[in-house]
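Undergrad: everything below, folded, please.
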Amino acid sequence: MSFRLRFGRLRDPRLICAVAAFVLPLFVYAFSLDRDVGFWDTAELNTVPYILGLAHPTGFPADILAGWSFIHLFPFGEVTIRLALLNAIEIAGAAYLLYLFVEGETHDPFAGLLVAIGFGLLPVTWLHATHNDEMSLTVLLSAAVFVLVRRFWKRNDGRALLGAGVCFGLDLGTHGAAALYLIAPALVAAYAALRGRHLRVFVAASAIAFVTTTAVYAYMPLRSSYVVAHRLDPTMVLGLPPGRPFWDWGDPRTIPTFVDVVTGSQFSHDVAAAGSAYVDPARLPNSAAHGAQIFAGAMGLLALALVLALGIVAAFADVALLAYLVAPACFITPFVVNYLAEPDPSRYYIFPAWALCVGAGVGIAMLLRKKVAVLALTVIVAFAELDASQALFEQPSDRAGFSYIDAVLARTPANAIVIAEWDYVSPIAYAAYVQHRAQARVVVPGEARDFAGYIAGWSSTAPVFDVAEHRPSSPSFAAHYLCNFFVIPGAEHDPKLYRIGTVSGSRTDRPAHDTPARC
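TA: From the prediction side, this is the model:
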């Protein structure tokens with residue numbers, strides 16, 4: 001009897017759909033993972049978790065700690081692949097939570113599965129699920145908060161609200177965008193607590209969120225103090241002060257420097273411009289229009305149109321639920337549109353897309369009782385998403401970052417000091433701190449002219465090289481052009497390698513021949 005009951009449970013449509021909502025997106029991601037180290041912030045986030053370092057503002061301590069834990073729990077294969085897999089699991093987990101939300105609202109597992117797969121295959125979702133990006137953890141934690149707060153609203157389940165408090169705190173410790181995503185569930189939880197006389201539970205959940213956030217961010221000054229005390233950052237050997245990228249970004253050991261890192265003070269002008277959009281009603285129409293363009297590009301116009309149409313259908317059943325789900329898009333849009341320092345604004349719409357897909361799932365459940373046509377349309381959209389993102393299956397063969405590392409190591413001696421601009425220093429740091437291939441090379445993030453006062457002393461003990469798009473210029477040193485890395489063949493902005501010499505040396509930036517030498 002027991003065996004038959006368990007076997008029958010395995011055939012339960014809800015169990016099958018729940019498993020499929022997680023496994024199917026993860027299966028697609030697993031075969032399209034970006035295995036390369038990448039450049040820019042991607043390579044940084046492939047490096048920092050391994051060494052328990054500090055990332056660029058706002059620090060993302062929860063993501064760093066999660067990455068370090070996953071890397072060491074599964075110590076097999078290249079670190080870049082392990083971290084990409086962690087991102088895939090996080091986004092697949094968000095798809096599963098999407099299924100749970102829809103199934104809980106409609107008692108229709110099929111509708112939940114449809115939108116979970118649809119969300120997982122959105123171009124912006126799929127792209128960011130297959131390489132390391134702190135936004136993936138934010139999407140998962142924000143989804144958990146939305147699900148748990150909704151459960152508290154409907155069932156007066158105090159444990160759900162306490163769980164939401166933990167996820168809320170971790171989310172704020174992952175990415176600053178969570179502060180905008182979670183406005184709606186915070187307001188709903190407060191109102192539900194007052195309505196149901198669960199004020200003590202709400203206060204406890206708020207305290208848990210505060211303590212969790214504080215504990216996560218405490219990692220930054222504590223780790224910075226340890227790194228400086230033990231001189232773990234190799235650039236300190238060169239006489240540079242603490243606070244360099246990878247090991248100790250911003251040196252957040254003191255309250256002022258900690259605040260600078262967490263708030264991103266170097267981007268204060270852009271943050272202020274984005275913040276002013278929230279208090280200037282005249283800018284809201286333009287923000288909405290521009291945000292809609294970014295959103296359509298992130299999701300695909302057909303998918304966005306279908307999700308919005310189904311959401312309108314869902315509004316006939318529960319307009320308050322739809323307002324709850326639309327809120328993340330409304331709150332994040334002024335920031336996305338006006339924060340010009342962000343080179344990839346589409347990723348801020350991954351979670352708003354998740355929330356809108358919940359409304360679409362409710363709409364599908366309503367229409368499935370009357371028409372099967374919506375199923376056909378959903379399948380068409382899914383195939384359109386697959387077609388739009390099929391190039392992602394080529395990611396596993398991309399080796400641009402690793403090829404660049406090989407070229408840098410081949411053209412510089414083992415004792416070299418290698419200075420590189422931000423876009424191009426992070427892969428070299430990965431080679432040095434994760435792969436341990438740099439030997440005695442010291443990797444210095446920044447531009448050569450910023451270290452003009454140091455280079456004369458460095459040159460007396462080791463050869464100095466610079467990786468930059470343009471020849472560095474300074475009265476105190478001469479830069480001799482060596483070769484072009486051809487990261488993107490034919491692109492004028494590809495990085496070049498220069499040997500930094502004395503002022504008396506030749507100041508030409510190229511050899512006599514016109515064709516750039518290839519590294």
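
Undergrad: separation between residue 339 and residue 290?
TA: To residue 290, residue 339 is 12 Å away according to C-beta to C-beta, to the nearest Å. Glycine gets a C-beta too; all of them are placed from N, C-alpha and C.

Undergrad: same question, residue 345
TA: On the measure of C-beta to C-beta, residue 345 and residue 290 end up 9 Å apart.

Undergrad: swap in residue 99?
TA: Distance, residue 99 to residue 290, using C-beta to C-beta: 32 Å.

Undergrad: looking at those two, which is more packed in?
TA: For the pair residue 99 and residue 290, the greater number of neighbours falls to residue 99 (27 against 16), based on other C-beta atoms under 10 Å.

Undergrad: quick check: mean pLDDT of the host helix or strand of that one?
TA: Assigned by DSSP states H and E, residue 99 belongs to helix 79-106. Helix 79-106 shows a mean pLDDT of 94.

Undergrad: wait, doesn't residue 247 sit right on residue 47?
TA: No - using C-beta atoms under 8 Å as the test, residue 247 is too far from residue 47 to be in contact (9.7 Å).

Undergrad: for residue 366, which non-adjacent residue is spatially closest?
TA: residue 313 (5.7 Å; C-beta to C-beta, 6 or more residues apart in numbering).

Undergrad: same deal with residue 60?
TA: Nearest residue to residue 60, sequence neighbours excluded (C-beta to C-beta, 6+ apart): residue 134, at 4.4 Å.

Undergrad: shouldn't that neighbour be in contact with residue 65?
TA: No - the pair residue 134 / residue 65 is not scored as a contact, 11.5 Å apart, by C-beta under 8 Å.

Undergrad: more neighbours, these two?
TA: When neighbours are counted by other C-beta under 10 Å, residue 134 comes out ahead of the other of residue 134 and residue 65, with 23 against 18.

Undergrad: mind listing what that one touches?
TA: Counting by C-beta atoms under 8 Å, 6 or more residues apart in numbering, residue 134 makes contact with 45, 55, 60, 63, 174-175.

Undergrad: following element in sequence after the lowest-mean-pLDDT helix or strand in the chain, please.
TA: The weakest-scoring helix or strand in the chain, judged by mean pLDDT, DSSP states H and E, is helix 2-10 (a mean of 48). Using DSSP H and E, the next helix or strand after helix 2-10 towards the C-terminus is helix 13-30.

Undergrad: got the buried residues for that following helix?
TA: Neighbour counts over helix 13-30 (16 or more other C-beta atoms under 10 Å) mark 14, 17-18, 20-22, 24-26, 28-30 as buried.

Undergrad: which residues are contacting the following helix or strand past it?
TA: For helix 13-30, the following helix or strand on the C-terminal side (DSSP H and E) is helix 40-51. Applying C-beta under 8 Å, 6+ apart, the set of residues contacting helix 40-51 from outside is 37-38, 53-56, 60, 63-68, 71, 79-80, 83, 131-134, 232, 245-247, 401, 422-423, 426-427, 429-430, 433-434.

Undergrad: gap between stretch 185-199 and the chain center?
TA: 31 Å (C-alpha atoms, centre = their mean, to the nearest Å).

Undergrad: got a list of contacts for it?
TA: Contacts for stretch 185-199 (C-beta under 8 Å, 6+ apart): 145-146, 149-150, 152-153, 156, 158, 161, 164, 168, 201-202, 205, 324.

Undergrad: same question, stretch 206-219
TA: Stretch 206-219 is touched from outside by 59, 61-62, 64-65, 162, 165-166, 168-170, 172-173, 262, with contacts defined as C-beta under 8 Å, 6+ apart.

Undergrad: could I get those residues in JSON lines, plus columns for distance to residue 483 and pLDDT?
TA: As requested, the contacts of stretch 206-219 are arranged in JSON lines below (distance: C-beta to C-beta, whole Å; pLDDT from 0 to 100):
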{"residue": "59", "distance to residue 483": "36", "pLDDT": "88"}
{"residue": "61", "distance to residue 483": "39", "pLDDT": "94"}
{"residue": "62", "distance to residue 483": "41", "pLDDT": "95"}
{"residue": "64", "distance to residue 483": "34", "pLDDT": "95"}
{"residue": "65", "distance to residue 483": "39", "pLDDT": "96"}
{"residue": "162", "distance to residue 483": "59", "pLDDT": "94"}
{"residue": "165", "distance to residue 483": "55", "pLDDT": "95"}
{"residue": "166", "distance to residue 483": "52", "pLDDT": "96"}
{"residue": "168", "distance to residue 483": "50", "pLDDT": "96"}
{"residue": "169", "distance to residue 483": "49", "pLDDT": "96"}
{"residue": "170", "distance to residue 483": "45", "pLDDT": "96"}
{"residue": "172", "distance to residue 483": "45", "pLDDT": "94"}
{"residue": "173", "distance to residue 483": "43", "pLDDT": "93"}
{"residue": "262", "distance to residue 483": "40", "pLDDT": "88"}
